[in-house]
Structures are given as structure tokens and as C-alpha cells.
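*Asks:* coords please:
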Amino acid sequence: MKYVDDFMKSPEAIKHYDLLNSLGIFNYLANSKRRIHDLEELLSDAIEIFNQDSGDSLIEYITSNLVDRFVPSFLQFVLKLHGDDQKPRTICYHNLKRVESPAPIHSLEAYNRYFSAYPGTISFSLFEYSVQSKAAAQQLKPLNPEIIIPISGPDELYGMIIVGKKIVDGEYSDEEIIYIDRLLKFASLSFQNVIHYRSSVTDFKTQLYNHSFFQKRLSEELAKVQRHDNSISILLLDIDHFKQLNDLHGHLAGDKVLFHLSRNLEHALRQEDVIARFGGEEFIILLPESSKEAAFHVAERVRQEIELMEVHYMEKTLKITVSIGVNHINSTRYAAPLKLIEQADKALYHSKENGRNCVTFYKPGLLFKVTHIG
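*Replies:* Next up is the predicted model:
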């Protein structure tokens, strides 16, 4: 923009000011300067958007960004993060305060059909006029909607961003609509990236990390063990008599147990702990910077909470227990990731062979069932 300022202050521009002004040159330059500034801001916003590493942080950034310019009556994000059988996640803001949505979206089917044919940002009034399913438009009415931005994947709709009418200053200006459209198109692309990445590292049935992601994180934490002389622990757990549960109640019951067990593990563990589905009814947990005592208490807490867990399925209450094998690793006990998992598996096998519903620690040449640490 410096060249614009330099020209407007140059002797030649001042000398011919009346002529240039009558031709509209100065207005043109001023408008160009403003557009350049707006595009620079948008580019900065786009860089920040693509630097967000989760859906939650992306939503927080977009919300804080909009409040600097205007306050929409409602701002609702609808995201389909996991498979077809999972209802979309709805995050709603009213006057930019997080609230329960007055228009929760339980299915994207009708919107998917519409945006497959007409992709791109659309005003709600045009959407309401042209959508085949009038119920889909009626469902959004409590949000006082003005603009809808679809989040489209390669084969289906991943979600939507619904922007409500402004609280003050009347209608959105043309410049504001252009800004919203451009900003949220970047956001839509970033949401797609987050969803694609999450899908690539997540087990579909349990929504936990998959085995390959766990291996990657384990390698990273082992490198820290060598560098900083700290310690980590691996917990390998298996549902006791899971085949019998499937045979007796059916695989859908087994799937529900796997799902509830996964949520139980997430609740019981720290945010920095890594939980993955190891395969079938086995789960594996990485505890970074974990002492042996801490690993024991975590393993016992997990075992006890799962023993108390109840899963309700078709008027039946299902209960399970788990056996756990623990491998504690420090700089003096370092091995390849697969070897360390194999050692945890040996400890798990010992738990299964010695009554189940218990915790066994691995030591080189020694396996022992743990009832206390001391």
C-alpha cells in the first residue's frame, strides 16, 4: 500500500489534483487501498484458521474473530465427525455466548441432498425458497438464520455453519457478506482437513485412536524417554469373556459395550494420555511421564470403574470386567515399540490366566499380579 500513499503525496498528483479528482482517481486509489487492507486481513485470518489443530480451537477462533466486526444473533456449527451412524455434533452461540441449540440437527440427509446439487454459500431466504424439504428450512428457523455455509467433503456433507441475523445495525452490508463468505469458506476447508485427519487416525467403532496412531505416539514418547531420562507406561487391557457376551446378546450389544467402555476410558484418563483400540476387544493406553506407582493407580482405577460400569441394551443391563497388563519403561529399560507392547501383552496374558479382572506388571523374567505398590 506504500506505493498508493507515495503517489497521493507526490508533487505531480498534487499539481494535477483537480483533474485527477474529477476523474475519480483518488477515490479509486482509496478504495483500492481499503480492498488491499481487507485482503491482507483476510489472508492473516486464513493463516490463523489453517493453523488451528482441532475443531474446537477452530470454532473458538472463528467466533472471536466475528465478534470484532459484528454480533450475529446466532452462530451454529453442525459437524459430522464420525461415521454415518453418528448424529452430527451441534455447537451453538447466541449473542456469541455458548448455549444449548434451539435447533439441534440430528440428521444431515436433507441438507446433503440440497448441497450436493447446489454447493456453496447461500442466503437462508434462497435456501428456504429452493430446498425440496421444507422441513429442513423450518428446522433452522429458531436460529433467525441469514447465511448458510456448507462444509462439503468429497462424497458427502460434513456439516454446516449457520449465521444468524445481526443484533444491531440492521442488515449485513455487502462488504460484511463478502467477508463472512470468504472467511467461512476458509473455515470450511479447515474443518474438512480436521475431519479427514481425525478419520485417518480414529477407529470407526469406538471413536478412539487407531493402532497406527498409537505406534506413532509411542515412538515419540520413547524418544523423550531417552532424551530427558523420564518414564512412561503402557497399559494393555482386554474385556473378559467378550465372545460369550457377543454369543449371548448379539454383536450390536457387543458394539455398544465397546463404545461405552471407550467413553469410560476417556473419562478416567488425562487429556495427554493416548487411548487406542488395539484390535477386537483389546485396548491400549499410553501414559506419558508416568511413574510405576501412578501407572498402578491408573490401571486399578480403570479396572474398578469398568467393573462398576453398566450398559443398558434392549431392557438388559450388561456388565463386564477387564484384565490389564502393564509395562513400565524408563531409560534403563528401553526397547523397540513392538517389543514393549509384546511385554505388556505377556503381562495381560498372565492376568487372564490368573483369574481375570486383575492387573499384572511386567518385569524382565518376572510377571506378577499386583495387589499393592510398596
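*Asks:* and His106, how many neighbours?
*Replies:* Residues contacting His106 under the criterion other C-beta atoms under 10 Å number 10. From N, CA and C alone the C-beta is placed, and that goes for glycine too.
*Asks:* enumerate every residue touching it.
*Replies:* Counting by C-beta atoms under 8 Å, 6 or more residues apart in numbering, His106 makes contact with Lys87, Pro88.
*Asks:* make sure it is indeed in a helix.
*Replies:* No - His106: not assigned to a helix; according to DSSP: H, G, I helix; E, B strand; the rest coil it is coil.
*Asks:* quick one: pLDDT of it?
*Replies:* On pLDDT, His106 comes in at 89.
*Asks:* Ser233 and Ala295, how far apart?
*Replies:* Distance, Ser233 to Ala295, using C-beta to C-beta, to the nearest Å: 4 Å.
*Asks:* common neighbours of these two, please.
*Replies:* Here Ser233 and Ala295 have Leu287, Val326, His328 as joint contacts, going by C-beta under 8 Å, 6+ apart.
*Asks:* which of those has the most neighbours?
*Replies:* The most neighbours of any of those, using other C-beta under 10 Å, belong to Val326, which has 27 neighbours.
*Asks:* what helix or strand is the residue nearest to that one when sequence neighbours are not counted on?
*Replies:* In space, Val326 comes closest to Phe361 once its chain neighbours are excluded; the distance is 4.9 Å by C-beta to C-beta, 6 or more residues apart in numbering. Per DSSP states H and E, Phe361 falls inside strand 359-363.
*Asks:* got it, and Glu342?
*Replies:* In this assignment (DSSP H and E), Glu342 forms part of helix 337-353.
*Asks:* what comes up buried for stretch 61-78?
*Replies:* In terms of neighbour count (16 or more other C-beta atoms under 10 Å), stretch 61-78 has its buried residues at 61-63, 65-66, 70-78.
*Asks:* quick check: Glu128 is in a strand.
*Replies:* No - counting by three-state DSSP, Glu128 is located in no strand; its state is helix.
*Asks:* between all of the buried residues of stretch 61-78, which two are separated the most?
*Replies:* Every pair in the buried residues of stretch 61-78 was compared (C-beta to C-beta); the two farthest apart turn out to be Phe70 and Val78, at 21.3 Å.
*Asks:* verify the contact between Lys301 and Ala268 for me.
*Replies:* Lys isn't right for residue 301; it's Arg. Yes - if you go by C-beta atoms under 8 Å, Arg301 and Ala268 touch, sitting 6.0 Å apart.
*Asks:* higher neighbour count, these two?
*Replies:* Of the pair Arg301 and Ala268, Ala268 is the one with more neighbours under other C-beta under 10 Å, namely 17 against 12.
*Asks:* list the contacts for the more buried one?
*Replies:* Here Ala268 is in contact with Val298, Arg301, Val302, Glu305 (C-beta under 8 Å, 6+ apart).
*Asks:* circling back: would you mind pulling up the elements that the strand holding Phe361 packs against?
*Replies:* Contacting strand 359-363 under the criterion 3 or more C-beta pairs under 8 Å, 6 or more residues apart in numbering; DSSP states H and E are the following elements: helix 292-308, strand 322-329, helix 337-353, strand 366-369.
*Asks:* what comes up buried for stretch 98-116?
*Replies:* When neighbours are counted by 16+ other C-beta under 10 Å, the buried residues of stretch 98-116 are found to be Ser101, Ala103, Ile105, Leu108, Ala110, Tyr111, Asn112, Tyr114, Phe115.
*Asks:* now stretch 148-168
*Replies:* Neighbour-count burial for stretch 148-168 [16+ other C-beta under 10 Å]: 148-152, 157-166.
*Asks:* which one of those is nearest to Arg198?
*Replies:* Tyr158 (10.8 Å).
*Asks:* I'd say the closest one and Arg89 touch.
*Replies:* No - the pair Tyr158 and Arg89 fails to qualify as a contact (C-beta under 8 Å) at a distance of 10.9 Å.
*Asks:* what angle sits between the helix or strand hosting Ser233 and helix 337-353?
*Replies:* Per DSSP H and E, Ser233 falls inside strand 232-239. Here strand 232-239 points in a direction 40 degrees away from that of helix 337-353 (axes from the mean of the first three to the mean of the last three C-alpha atoms, to 10 degrees).
*Asks:* next, count neighbours for the residue nearest to Lys316 when sequence neighbours are not counted.
*Replies:* Using C-beta to C-beta, 6+ apart and skipping residues adjacent in sequence, the residue nearest Lys316 is His249, 6.9 Å away. Using other C-beta under 10 Å, the number of residues around His249 comes to 17.
*Asks:* also His312?
*Replies:* Applying other C-beta under 10 Å, I find that His312 has 10 neighbouring residues.
*Asks:* shared neighbours of Tyr158 and Arg89, anything?
*Replies:* Contact with both Tyr158 and Arg89 is made by residues Leu79, Lys80, according to C-beta under 8 Å, 6+ apart.
*Asks:* related to what we said a few turns ago, widest-spaced pair of the contacts of Ala268?
*Replies:* Across the contacts of Ala268, no pair lies farther apart than Val298 and Glu305, at 10.7 Å, counting by C-beta to C-beta.
*Asks:* which one's more surrounded, those two?
*Replies:* Each of Val298 and Glu305 had its neighbours counted (other C-beta under 10 Å), and the higher figure belongs to Val298 (22 against 15).
*Asks:* okay, strands next: where are they in the stretch 101-250 of the chain?
*Replies:* 122-123, 145-152, 157-164, 232-239 (DSSP state E, counting those that start in this stretch).
*Asks:* Three-state assignment for Ile91, please.
*Replies:* Per three-state DSSP, Ile91 ends up strand.
*Asks:* touching, it and Phe74? I think so.
*Replies:* No - applying C-beta under 8 Å, one finds Ile91 not in contact with Phe74, separated by 11.4 Å.
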